[in-house]
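*Asks:* Whatever this is, show me its structure:
(one chain, ligands or ions: 2)
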Amino acid sequence: MTTGVQTVQRFSDILESPPPDAALPLSLVLVGAGKMGGALLDGWLKSGLDPVRVTIIDPHPSADIVRIAAERGIGLNPASGDIGAPEVLVLAVKPQFLDEIAPDLARLAAPGTLVLSILAGKTLDNLSQRLPGTRAIVRAMPNLPASIGRGITGVVAASGTSEAQRATATVLLSGAGAVEWLDDESLIDALTGVSGSGPAYVFYLVEALAEAGVAAGLPAALSQRLARATVTGAGALLDQSPLSAAELREAVTSKGGTTAAALAVLSGENGIGPIVTQAVAAARRRAGELSG
Ligand SMILES: NC(=O)C1=CN([C@@H]2O[C@H](COP(=O)(O)OP(=O)(O)OC[C@H]3O[C@@H](n4cnc5c(N)ncnc54)[C@H](O)[C@@H]3O)[C@@H](O)[C@H]2O)C=CC1
Ligand SMILES: O=C(O)[C@@H]1CCC=N1
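*Replies:* Ligands and ions are numbered 1, 2, ... in the order given. Model prediction:
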C-alpha cells in the first residue's frame with residue numbers, strides 16, 4: 001500500500017465543520033417538493049427549522065409530503081392569497097417549469113426575500129429577470145445524497161445578496177451535507193456535471209458491474225449484491241480513509257494481478273477517463289441549454 005503524506009480531507013470531516021452562525025429563516029416557502037425539494041425539507045426539519053415556518057407549494061405532492069405536512073403542521077398549498085412574501089423562497093421545480101410559474105411567484109419575491117434556486121442551468125440573471133422584486137438570489141446545485149444528509153452542494157450568489165442571506169443559504173443547504181461556495185457562476189454548470197449528476201454515474205456503474213458479472217457467469221441476484229456492496233464498501237472506505245482515491249486504487253492493485261489486468265482496459269484509449277470526461281462535458285453543455 002502507498003502511504004504518502006496524508007493531505008486528503010475526508011468528507012465526514014467536512015460535514016462535521018460547524019455551520020455558520022446564522023439563524024434559520026422565520027418564514028420559508030418551498031416551491032416543488034419532489035425528490036430534491038423533499039430532501040432539502042427533510043434536512044431543514046432535522047436542523048431544527050420550525051415546521052410552522054414552512055409553506056409548500058406543489059400541485060402534485062407525494063403521499064410522503066402530504067403525510068409529513070399533516071404530521072408536522074407544515075402549510076401545504078394554502079390559498080395563494082394566504083401566502084405572504086417569505087424570508088426565503090426556495091425554487092425546486094424542474095427548470096422547464098420556471099417560465100410557467102414565475103409570474104405567480106413574482107409577488108412572493110419581495111425586497112428582503114432571499115430566492116434560493118436549485119434549478120439546473122437557470123442563471124442568476126435569468127432568475128433575476130423573472131423575479132425582479134428582490135436582488136437577493138442564490139443559485140445552488142445539490143445532489144441526491146442530500147436525502148440522507150450526505151450531499152454536496154455548489155452555491156453562487158447574486159451581488160445583491162447580503163452576507164446574512166449568504167449565511168442563511170449556507171445553514172439551509174448544510175442540512176443536505178457539505179456546501180461549496182463559488183465566486184464564479186460559470187463554474188456551476190461544470191459542477192453540475194460532476195456532483196449534481198454524478199450520483200447517477202455511480203449508480204450506473206453498479207448496474208454495469210452487475211451486468212458484467214452476469215456476462216462472466218455469475219447468477220444475476222448474486223452479481224447485483226456483489227456490485228452494490230462493492231461500490232458502497234469502496235465509498236465508505238474512501239470516506240473513512242485518509243488516503244486519496246489513487247492511493248486506495250493502488251492498494252487494490254497487485255503487480256501483475258487481476259486488478260492490473262482490468263485497469264489496463266479501464267485506462268485504455270476507450271476507457272473510463274475519456275468517457276467520463278465526455279459525460280461531464282455533455283451534462284455541462286445541457287445545463288447551458290437549460291439556462292434560457
Ligand atoms: N434529482 C436530483 O438529483 C437533482 C435535482 N436538481 C434540481 O432540482 C429540481 C427538481 O428536481 P427533482 O426534485 O429531481 O424533480 P421532481 O420531479 O422529483 O420534483 C419536482 C416537483 O415539482 C412539482 N411541481 C410541478 N409543477 C409545479 C408547480 N407549478 N408549482 C410547484 N411545484 C410544481 C412536482 O409535483 C414535483 O413534486 C430541478 O430543477 C433539478 O434541476 C438539482 C440537483 C440534483
Ligand atoms: O438531471 C438533472 O437535470 C438534475 C440536475 C442534476 C441532477 N439532476
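*Asks:* Which helix or strand lies directly C-terminal to the worst-scoring helix or strand of the chain on mean pLDDT?
*Replies:* Least confident helix or strand, the chain: helix 11-16 with a mean of 62, by mean pLDDT, DSSP states H and E. Next helix or strand after helix 11-16 toward the C-terminus (DSSP states H and E): strand 28-31.
*Asks:* Quick one: name whatever helix or strand follows that following strand.
*Replies:* The first helix or strand that comes after strand 28-31 along the chain, using DSSP H and E, is helix 35-47.
*Asks:* Kindly report the residues of the stretch 51-200 of the chain close to ligand 1.
*Replies:* With CB under 6 Å from any ligand atom as the criterion, the stretch 51-200 of the chain meets ligand 1 at residues 57-60, 92-95, 97, 101, 118-120, 141-144, 196. To be clear about C-beta, it is placed using only N, CA and C from the backbone, and glycine gets the same treatment.
*Asks:* Surely residue 122 touches residue 97?
*Replies:* No: if you go by CB atoms under 8 Å, residue 122 and residue 97 don't touch, sitting 10.4 Å apart.
*Asks:* And residue 194, how far from residue 257?
*Replies:* 30 Å (CB to CB, to the nearest Å).
*Asks:* could you show me where the strands are in the protein, in order?
*Replies:* 28-31, 54-57, 75-76, 88-91, 114-117, 137-141, 151-157, 177-181 (DSSP state E).
*Asks:* Within the sheet, what are the partner strands of the fifth one, with directions?
*Replies:* Partner strands and pairing direction for strand 114-117 (DSSP bridges) are strand 88-91 (parallel), strand 137-141 (parallel).
*Asks:* Near ligand 2, list only the ones from the residues of the stretch 51-200 of the chain next to ligand 1.
*Replies:* Residues of these in contact with ligand 2 (CB under 6 Å from any ligand atom): 120, 196.
*Asks:* Just the buried ones out of the residues of the stretch 51-200 of the chain next to ligand 1, please.
*Replies:* Buried residues within these, counting neighbours by 16 or more other CB atoms under 10 Å: 57-58, 92-93, 95, 101, 118-120, 141-144, 196.
*Asks:* Skipping its backbone neighbours, what lies nearest residue 280 in space?
*Replies:* residue 193 (3.9 Å; CB to CB, 6 or more residues apart in numbering).
*Asks:* show me what contacts residue 231?
*Replies:* 202, 205, 206, 209 (CB atoms under 8 Å, 6 or more residues apart in numbering).
*Asks:* Can you give me the neighbour number for the first one?
*Replies:* When neighbours are defined as other CB atoms under 10 Å, residue 202 has 13 of them.
*Asks:* What is the neighbour count of residue 262?
*Replies:* Residue 262 has 13 nearby residues by other CB under 10 Å.
*Asks:* ditto for residue 195
*Replies:* 19.
*Asks:* How confident was the prediction at it?
*Replies:* The per-residue pLDDT reported for residue 195 equals 98.
*Asks:* Quickly note the distance from residue 262 to ligand 1.
*Replies:* Distance of residue 262 to ligand 1, computed by CB to the nearest ligand atom, to the nearest Å: 29 Å.
*Asks:* Mind pulling the model confidence for residue 22?
*Replies:* At residue 22, pLDDT is 71.
*Asks:* Residue numbers of the stretch 101-250 of the chain in contact with ligand 2?
*Replies:* Looking at ligand 2, the residues of the stretch 101-250 of the chain close enough under CB under 6 Å from any ligand atom are 120, 192, 196, 197.
*Asks:* check contacts around the first one.
*Replies:* When contacts are counted by CB under 8 Å, 6+ apart, residue 120 is found next to 95, 141, 192, 196, 286, 287, 290.
*Asks:* Which member of the residues you listed is positioned nearest ligand 2?
*Replies:* Proximity of the contacts of residue 120 to ligand 2 (CB to the nearest ligand atom) peaks at residue 196, which lies at 3.5 Å.
*Asks:* contacting residues around the residue of the stretch 151-292 of the chain found nearest ligand 1?
*Replies:* Nearest residue of the stretch 151-292 of the chain to ligand 1: residue 196, at 4.6 Å (CB to the nearest ligand atom). Going by CB under 8 Å, 6+ apart, residue 196 touches 120, 141, 142, 143, 154, 283.
*Asks:* ok, the spatially closest residue to the fifth one that is not a sequence neighbour to residue 257 distance?
*Replies:* It stands for residue 154. Computed as CB to CB, 6+ apart, the closest residue to residue 154 that is not its neighbour in sequence is residue 191, at 4.0 Å. Distance of residue 191 to residue 257, given as CB to CB: 36 Å.
*Asks:* More neighbours: the two, which one.
*Replies:* Between residue 191 and residue 257, counted using other CB under 10 Å, the more crowded position is residue 191 (24 against 10).
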